[in-house]
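J.: pasting the sequence and the predicted model now:
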Amino acid sequence: MKKSLFSIVSLLALLVLILAACGGNNQNEAQPDEKQNESSTDENVNEEKALSGDIKIMVPSGGYYLDHVRNYVAPKFTELHPDVNVIVEQEPDGGQLTARIAAGDIPDVLVGVFGYQPAKFARDNLIVDLKNMPGSQELFDRIAPQYIHEDFGGRYYVPWNATTQMMIYNKALFEQAGLDPNSPPETFEQYLEYAEKINNLGSNVYGNVFWNEALAWGGWYWTMNSQIYYNFNNAEYQLFNELGTDIIFDKEEAKLVEFYEFMEKAQAFAPSTMDGNEFFGRNVGMWLQFGYGWKANLQEAKDHPMVIGDDVGIAPIPVVNAGDTHWSTLDGRSLMVFRSNPEREQLAFELIKFMMEDEINLESLKALEQLPTLSSLVEDEYFKAEDIQPFVQQLQHTIPNEAVAELDDISNLLLQNYIKSIIQKEISVQQAVENAAAEARDILDR
């Protein structure tokens, strides 16, 4: 009996020791986790405070982009992150950006365009898929869906702002030519009639204008012309098929020939270049390539600012037949991050997220005269103004720029043949289209 009691007591003592040991082990295991979590939290706090280093952002030439980003966006960002040095640089003109990128001289953030440019850089593995960046989903959830686009399964740009194009006309020149300043031309036929009447006012007055200096600029300038082309085929044809594997602009029903023929006739009532003859010089009747971003240039008009409604009329791009839908392009500025190293890429994306904050973004839209891509800003009272509403309403009939990497090269071919046929008159417009189509297929077949 005593032996049995001793055995029971011994067993109970052993059990207590085992339980104590187990409890002690659990306690010891929890302590390192707590220290690790505490250390991790400290690291996160330090990481938020530790943004530092140089970051280069490249902005478009023209307009107020350089001044705005340099004098507003960069200082506001460095107020929050004083150890960051934001270098603001203007994009070189005339296609020189490609050469600089090839030489390794790249920005951290590029303010580019929608469509072909992100597709081209993504194809060449030059820019970062932003879907993989911390906070990207929250950012894209705040952007209106029509502005979000994927290339090769990734999101390679953030749409900073949007714009579309319409026709503007000089009301004073309309009156001088005996035209009703409140009745702009609806069809291309009427447009040519109006252009001729204005052109006949004097030797230094032109019926319309085109930016012929930019014909060598490729994809960007094609988007200035493309909405005129879309209105010849009721927006049923762009340059490429849906897969981007072949061109379709040489199809008869695409009516690129008719577009070229119209441009040839309109060029007869236009100066050879825009140098000294731009719309803002008050000696041009109509301009078919006026994007909302150009609105700021009205402040620099000859003698005194031009005012939409008083001096300037806004109208849709003409159509072939009265009653047709007036189409335009959906364009805008994209924010891309070039590949470098994880730290620089993260810093670049932090700058982009800052630029897309409601307060900062709205201020940029006002300064740069652009339209919002953030859902929270679409209904802002600012965009309900009388001189802005025509552009907002036009957005319902817009065609996004084609996100095909080869668009830049192929639009260059179109514009080169445009020069030969319409400006230099060396070949017919039919030959220009045929030449561009053959050369385009050579590029796609490589």
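T.: The structure has been received and is ready for your questions.
J.: next, the nearest residue to residue 175 once chain neighbours are set aside: secondary structure please.
T.: Once flanking residues are discounted, residue 175 sits nearest to residue 181: 5.5 Å by CB to CB, 6 or more residues apart in numbering. The way it works is simple: take the backbone N, C-alpha and C, and place the C-beta from them, glycine included. Three-state call for residue 181 (DSSP: H, G, I helix; E, B strand; the rest coil): coil.
J.: pretty sure residue 181 sits against residue 174.
T.: Yes - contact criterion CB atoms under 8 Å: residue 181 and residue 174 qualify, at 4.3 Å.
J.: anything in contact with each of the two?
T.: When CB atoms under 8 Å, 6 or more residues apart in numbering defines a contact, the residues bordering residue 181 and residue 174 alike are residue 313.
J.: those two: which has the busier surroundings?
T.: Counted by other CB atoms under 10 Å, residue 181 and residue 174 do not tie: residue 174 has more neighbours, with 21 against 16.
J.: and that one, what's its pLDDT?
T.: Turning to residue 174, the model gives it a pLDDT of 98.
J.: need the contact list for it.
T.: 180-181, 194, 198, 285, 313.
J.: try residue 93
T.: By CB under 8 Å, 6+ apart, the contact set of residue 93 is 61, 217.
J.: with residue 292 instead?
T.: Counting by CB under 8 Å, 6+ apart, residue 292 touches 163-166, 369-371, 388, 391.
J.: which residues of the stretch 301-446 of the chain fall in helices?
T.: 342-355, 358-368, 389-394, 407-418, 429-445 (DSSP state H, counting those that start in this stretch).
J.: highest average neighbour count across the ones you listed?
T.: Sort these by mean neighbour count, taking mean count of other CB atoms under 10 Å, and helix 407-418 sits at the top with a mean of 22.
J.: what's the mean pLDDT across that one?
T.: On average, the pLDDT along helix 407-418 is 94.
J.: so which elements touch that helix?
T.: Packing partners of helix 407-418 (3 or more CB pairs under 8 Å, 6 or more residues apart in numbering; DSSP states H and E): helix 116-123, helix 219-230, helix 429-445.
J.: could you export those as CSV, including mean pLDDT and distance to residue 154?
T.: As requested, those are arranged in CSV below (pLDDT from 0 to 100; distance: least, CB to CB, whole Å):
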stretch, mean pLDDT, distance to residue 154
helix 116-123, 94, 7
helix 219-230, 91, 20
helix 429-445, 96, 22
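J.: can you lay out these as CSV showing distance to residue 276?
T.: Listed next are the helices and strands packed on helix 407-418 as CSV, based on distance: least, CB to CB, whole Å:
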stretch, distance to residue 276
helix 116-123, 30
helix 219-230, 19
helix 429-445, 28
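J.: wait, which of those helices is closest to residue 415?
T.: Nearest to residue 415, of all the helices and strands packed on helix 407-418, is helix 219-230, at 6.5 Å by CB to CB.
J.: quick one: contacts of that closest one?
T.: Outside helix 219-230, the residues touching it (CB under 8 Å, 6+ apart) are 113, 115-117, 165, 211, 214-215, 237-238, 255-256, 259, 262-263, 288-289, 291, 317, 327-329, 331, 399, 401, 407-408, 411-412, 414-415.
J.: buried only: go through the residues you listed for me.
T.: 113, 115-117, 165, 214-215, 237-238, 255-256, 259, 262-263, 288-289, 291, 317, 327-329, 331, 399, 401, 407-408, 411-412, 414-415 (16 or more other CB atoms under 10 Å).
J.: those in strands, which ones?
T.: Among those, DSSP state E puts 113, 165, 288-289, 291, 328-329, 331, 399 in strands.
J.: among those residues, which two are most distant?
T.: Largest separation among those by CB to CB: 113 and 288, giving 19.1 Å.
J.: coming back round to it: ok, of the contacts of residue 174, which come out buried?
T.: Neighbour-count burial within the contacts of residue 174 applies to 181, 194, 198, 285, 313; the criterion is 16+ other CB under 10 Å.
J.: how near is the second one to residue 294?
T.: Plainly put, residue 194 is 21 Å away from residue 294 if you go by CB to CB, to the nearest Å.
J.: same question for the first one.
T.: With distances taken as CB to CB, residue 181 is found 20 Å from residue 294.
J.: quick one: the strands in the stretch 1-150 of the chain?
T.: All strands of the stretch 1-150 of the chain, identified by DSSP state E, counting those that start in this stretch, fall at 53-59, 84-90, 109-113.
J.: would you mind finding the most buried of those?
T.: Of the strands of the stretch 1-150 of the chain, strand 109-113 is the most buried (mean count of other CB under 10 Å), at a mean of 24.
J.: thanks a lot, catch you later.
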